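In: heads up, no residue letters with this:
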C-alpha cells in the first residue's frame, strides 16, 4: 500500500468516527425523551456487513457500550444481510437482544451501494415510557414492565410498518413521543448512511473492507499492548450490595493474559424476584467499561478493542438473568459492576484504580395528585449522585456520576415543572470515606410538596446497608439513607407515601477513601475542615488531627 | 459633520492588533506586543504609533473601540478578586456540584474546574422564593447582617449574590445588597438577578460569580485607560466590544465585565458577516485559524449564529463540559485546538494526531529554529511546499526547511514508515480533517447544513488550509478578505452599539399573561436603551425580541422570534407566537408535536444602533487570466501528489485578475493556497475569491 493510501485509510477511520458522532448528535437533538437529550442516554455506531462494529459515538452512557454491538449480531441472525433490501429498517427493544430493558429501542439500517449492502448503522435511545408498571423495580416479570417488540421491520423497502406502530402507540402512555423517537432513530441512521456514501465517493472506495481491517487490526493490537502492561494473573474481588429485598453478592475473577482480559462473574447471587435483574449484554457493557476506564482508555470502541475484553456470567445469576425476569431497574446492579472489576484490577494496577464509590445513581420518581395527596397530577424523575471513590494520588469527586455519565436537572427547573420544593441540596459533611486520599462526598436532599399535600416516591436506592468500602486502611464512604423529616426511616427500594406536611430526606452515599487517614496531608485536612467537608470532630477522631 | 477616523484595538494573549479606518474609508493595520503587566501601556503605545504613521492626532479620531481578553485571562489564570457568594440557605453547593457529571467518560482522573469561590466563602442566607417569585421564607435581614463581619475578616473584595428563583423576583437580592452596601460601601456587589436573570441556578451563579471575580480588576483597567486616553487628547467616545459582537460604554462594561469575554472572536465573526452582506452571500461558514486554535462560525442571512451560554477555559483538550459555563449573549463559535503551532504525533493506534497542544510562538515550530523540536502544522505546510521560506512573515523569520523535515521524520515518519513528505501530507490532512469534522458536528448540533455555504477565511494560518478544508466540506467558494491578519480589529470597526438582555419568566402558552410580558419587555427596552443610547446617542434603533420556548417537559429551548414585537398585549399574540415556535421547531427537528403543551422559559430583547449597510461589491465585470512569474512544486493533498503551482504576489494582483489553480498567492502575513480543484479571482473589494472548477 502506498504512503498516500495508508494515510487515506487513517483519514477514513477518523471520518467514520466523525460520522457516528454526527449521527449521535442528530439523535440527541431530535429525541423526545429527556434522558436522551439532557443526559446522552443513547448510542450510535457503524458496522460492517458481518456485524463487526467499526466505530461508536462516545455518549453519556456506558450501558450501551458493546451491548449495541452484540445486538447487531442478533439482528443479523434473524435477518441475514442477503435478506435485506434498500429501505429496510429493523427494530427491537428486547432486553436480551438489545441493551437490557424495555425502554431502550435499537434501530438497525443497512446501507446499500450499487445494489449491494456494504454496512449497517445502528442507534439506541431511551424512550421515556413503554407501558406496563412504568420505570421502577417493582415488577415480578418482564410482562409487567411494558411492551416487548421482538426484532422486526420498522420499515420495509421504505414503507413504515403501520401495524407495529399502531400496536406500540396503543400500549404506551405517551404515544406521540414514542413514535417520534422511533422516527428519530431511523432518521439518524439515514443521516449516517448518506454521509457514509458521500465519503466513499470522496475517497473513491466501494466499501469498508480495507478500512475495517485497519480499524480492527490496529485497535486490537493497541488494546493488547495496553493489556500487556498489566501484570498477568487472576484477580478476584467480591462486593455485597443491598439488592431489592435481600443482599446481592457480586463476585468476579478478572484474568489478565496475553490474549486479553476475561471477567467471570461465577459465584454471583441468583436472580431477584424484582426488576433489578441484569441481562447479560448489560453486564458485559458495564464490566467491560470498568476495565476500559483504566486499561486502554484512549482506544476507541470497535470490534477490535472490545473483543479483547470478554465477560461471562452464569445463566440464572442476577448478572445473566434469563427471560422472563423483570429487568426495568437493571441499572441499580449494573452500575455497581465497574467497582467490582476495578476492585479486582486494583490488585494488579493499584496505581491506576479508584476505590469503590456510590456508583448507583439515585433516581427517585416523585409523583402526586389524584389518588395520592390531591392537587395537580405530577411526575418528575430527577437524579442525584453520590461521591466517587478516592483515586490514586487524588481525592474522589464529590457528587459526580460514575460510571454513568449523565447530567443533573437544576433545582429551579424541577421546581418550575412540578409542585415540589427542594429545601436542601447540599454536600454531606463526613460522607466522603476518610483516607490519605479522601472519598468524594454525597449530598443531602430535602423534598416537600409545595402545598403541603401528601406525595409518593418510588425509590431505587442502594448502598444504604452496604456502603463503598475503603482500600488500604482507607475509610468506607458514608451510607445512603432515605427517611422522613421526623426521623422515620424508609427502605431503599419501592414506593412509599410522604404524609401531608412531612418532608422526604434523601442522603446519597459517599465514595470510599484510600490509605490511612492519619497519613492525610495536613494542609488538605485543614482545607477540608475549613470547607466543612470533614467535621472538626472527625478530623480529630478519624484523622488524628491535634 | 465631517466623518472622522475610527480606531479599533484588540488585545490578545500575544499581540495587540490595531485597525484604523480613515475618514475616506480606507484602513491601516498594525500589530504590537501585548504588555500583560499594564495592558493599557501596550494599547497606548500601539495607538500612538498608528496615529503617527497615519499622520493623525487624537482629535481626528471619532471613536475608539476596544476588545480585550483580559477578563477571560483573569478567569483562566485565576487572577481575579477575592470573591464571596451569598446563597439561599440549603443551597450553598450548587457552584461546586455543577452538573454532577464527568465531561470525559473514560478518564477516571479528570477533575472539574474548581469553583471560583471556596465553600467557606459561600455564605447561606435565610430566605426562599418559589418558582413564581413568591416568598416561602421572607428575607431574614439579621442573617444578612451576620455575614458582614465574615466579609470583613476574610478581606472579601467582591461579592456575588445568587438566590434561588431570583430571576422571578429580584427583591431579596436587592435588599441583601442594600444591607451589605450600607456597612461596606466600597465592596463591589454583583446580583444574579441583574447579571444573568435566567432560570437554572448553577449557570446563573457561575456567571454572577465570574462577573464579581473580574469586576474590580476590569473596572480599574477600564477607568485607567479612559483617563489615559482623555489625557492624551482623545475627546471621542470610548466603547467596548462584547461577546455578542456589539458595543457598549465603559460604564456598562465596568458593571458587567463578564460580557466582554470572547470579544476577539466575535469581532472576526462580525467582519465575516459584513463581508457576507457586501457580497450578498446568505449562507457562510467563517473560518479563523491562528497559531493555537481554529474557530468557525455559521453565518446565515448576514447574522452570525448566537448562543446564550459560553464555556470559558475548556481545560481538557478544548472538550465541551471541561470549562466554566457563562450565561451571556454570545456569538456561537466552535473552537478546536488546531493552529499553525499545533503539535503532531503518532498515537498508540498508529494514527497521526494533531493538537490540541501548541508549540506557541516560543519555541514555536521546528522550522523557526528557536529550539522547537516538535513537528507542527507549520512544519508540514513548509515541507509540503505551501509556505515559501523566504516570504514567511514578510521575510522577518527565516524558516529552516531541514529542521522541519527532520522533526516530521522523527515524530511521525519513523513510527509509520513514511518519509518527511508523506508525513507532512499526513499531518496536513489530519488537521484539515479534524477541522472539517468540527465544522460538520457544529452544524449538525444546530440542525443546519454545512454544504452550499461560502467559506470566509482569515487569521494567519487559515488561507493555507481554507481550500483543502472546503474540498473536504464540499464547499464551492472560499473568500480570503484583504487584511485578514487583523480580522477581529477590523470587525470591531463594523460592530454596532447594541445590548441584549435575557430574562426568565416561565409561562405556559395557554396561560400566557400578556400584560406581564408587555411590562417586562417595556422594562428590558428601557434598560437596553440606557446602554445603547449612551454608546451612540443619535442612532436609529433596531429592536429584536426573542422567546426561548419548548414543549413542556423538554430539556432545551429553541429561540423563537417574537414578531411583530408590539403585540404582547393583543389577542393575536399567543397564536402568532405558537406559529412562530412551530416554524422554528420544524426547521430544527423536522416536525412538530400536535397537541403537546408549549411553554416559554425566557425572553430576550436585543437593541442595536442601525449599522450602516456596507456598500455592496459590484461583480467584477471583466476578468483577465494572469500567468505566474514563477512556479513551485507543492504537494496537492486532494491529488495525493506534487503538482506544479503558479506563484503570485497578492499585492501585484489587480481587481479582475484571474488565477488558475493550483497556485500560491503570497502576501506578508500569510499565503493563500489555491488547490488544483480551485481557481481564484480578485474581486472589486480586493478579496481573493476561490471557486471550485467545473467537474471535468
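Out: Done, it's in. Small disclaimer: the values here were computed from a predicted structure and weren't measured.
In: Leaving out the residues flanking it, which one is nearest to residue B:122?
Out: Of all residues not flanking residue B:122 in the chain, residue B:92 sits nearest, at 4.4 Å (Cβ to Cβ, 6 or more residues apart in numbering or on different chains). In short, each C-beta sits where N, CA and C put it, glycine included.
In: helix/strand/coil for residue 451?
Out: I went with chain A, as the question did not name one. The local conformation at residue A:451, judged by DSSP: H, G, I helix; E, B strand; the rest coil, is coil.
In: Show me the helices in the stretch 151-300 of chain B, by range?
Out: Counting by DSSP state H, counting those that start in this stretch, residue ranges of the helices within the stretch 151-300 of chain B are B:171-183, B:192-195, B:201-231, B:250-255, B:263-278.
In: The second one vs chain A: in contact?
Out: No. Looking at helix B:192-195 against chain A by Cβ under 8 Å from any Cβ of the partner chain, there are no contacts, and the closest approach is 11.3 Å.
In: what residues does that helix touch?
Out: Helix B:192-195 is contacted by residues B:160-163, B:166-167, B:169-170, B:173-174, B:204-205, B:207-208, B:211, B:256, B:258 when judged by Cβ atoms under 8 Å, 6 or more residues apart in numbering or on different chains.
In: Stretch B:171-189 near chain A at all?
Out: No. Under the criterion of Cβ under 8 Å from any Cβ, stretch B:171-189 makes no contact with chain A; the nearest approach is 14.4 Å.
In: Stretch B:405-414 near chain A at all?
Out: No. Applying Cβ under 8 Å from any Cβ, one finds stretch B:405-414 separated from chain A by no less than 9.4 Å.
In: My error: substitute stretch B:209-227 in the last question.
Out: No. Stretch B:209-227 lies out of reach of chain A by Cβ under 8 Å from any Cβ, never closer than 15.9 Å.
In: what about that stretch, distance to the chain center?
Out: Put simply, stretch B:209-227 sits 20 Å off its chain's centre (Cα atoms, centre = their mean, to the nearest Å).
In: And the contacts of it?
Out: B:39-40, B:43-44, B:66, B:70-71, B:74-75, B:79-81, B:83, B:85, B:95, B:115-117, B:157-160, B:162, B:188-190, B:195, B:238, B:240, B:250, B:253-258, B:260, B:312, B:324, B:326.
In: residue boundaries of the helices in the stretch 301-450 of chain B?
Out: For the stretch 301-450 of chain B, applying DSSP H, counting those that start in this stretch gives helices covering B:377-383, B:401-408, B:414-416, B:420-445.
In: most packed of these?
Out: Scoring the helices of the stretch 301-450 of chain B by mean neighbour count under mean count of other Cβ atoms under 10 Å in any protein chain shown gives helix B:377-383 as the most buried, with a mean of 30.
In: So which elements touch that one?
Out: Helix B:377-383 makes packing contacts with strand B:342-346, helix B:401-408, helix B:420-445 when contacts are defined by 3 or more Cβ pairs under 8 Å, 6 or more residues apart in numbering or on different chains; DSSP states H and E.
In: Name the spans of the chain whose pLDDT lies under the cut-off.
Out: Just so you know, I chose chain A. For chain A, the stretches flagged by pLDDT under 70 are A:34, A:38-39, A:60.
In: um, chain B though
Out: B:1-3, B:13-14, B:361, B:394, B:484-485, B:553, B:555, B:564-569, B:590-591, B:696.
In: For the helices and strands packed on helix B:377-383, give me a markdown table that also has distance to residue A:323.
Out: Output for these, formatted as a markdown table (distance: least, Cβ to Cβ, whole Å):
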| stretch | distance to residue A:323 |
| --- | --- |
| strand B:342-346 | 48 |
| helix B:401-408 | 58 |
| helix B:420-445 | 38 |
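In: related to what we said a few turns ago, which ones are touching the residue nearest to residue B:122?
Out: Residue B:92 sits next to A:426, B:85, B:119, B:122-124 when contact means Cβ under 8 Å, 6+ apart.
In: Let's see which of the residues you listed end up in strands.
Out: A:426, B:85, B:122-124 (DSSP state E).
In: Next, work out how far apart the closest residue to residue B:369 other than its chain neighbours and residue B:368 are.
Out: In space, and not counting its chain neighbours, residue B:369 is closest to residue B:400: 4.5 Å by Cβ to Cβ, 6+ apart. The gap separating residue B:400 from residue B:368 is 8 Å, by Cβ to Cβ, to the nearest Å.
In: More neighbours: these two, which one.
Out: residue B:368 (24 against 19; other Cβ atoms under 10 Å in any protein chain shown).
In: That one and residue B:399 touch, don't they?
Out: Yes. At 7.0 Å, residue B:368 and residue B:399 qualify as touching, with contact defined as Cβ atoms under 8 Å.
In: Shouldn't residue B:16 be within a helix?
Out: No. Counting by three-state DSSP, residue B:16 is not part of a helix but strand.
In: Name all residues that make contact with it.
Out: Neighbouring residues of residue B:16 by Cβ under 8 Å, 6+ apart: B:9-10, B:31-34, B:39, B:42-43, B:46.
In: Buried only: go through those for me.
Out: Buried subset of the contacts of residue B:16 (neighbour count, 16 or more other Cβ atoms under 10 Å in any protein chain shown): B:9-10, B:31-32, B:34, B:39, B:42-43, B:46.
In: what's the one helix or strand residue A:344 maps to packed up against?
Out: Using DSSP states H and E, residue A:344 falls within helix A:337-345. The helices and strands touching helix A:337-345, judged by 3+ Cβ pairs under 8 Å, 6+ apart, are strand A:233-241, strand A:248-257, helix A:280-294.
In: Make a markdown table from the ones you listed and add mean neighbour count and distance to residue B:518 to it.
Out: Output for the helices and strands packed on helix A:337-345, formatted as a markdown table (neighbours: other Cβ atoms under 10 Å in any protein chain shown; distance: least, Cβ to Cβ, whole Å):
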| stretch | mean neighbour count | distance to residue B:518 |
| --- | --- | --- |
| strand A:233-241 | 17 | 56 |
| strand A:248-257 | 21 | 59 |
| helix A:280-294 | 27 | 53 |
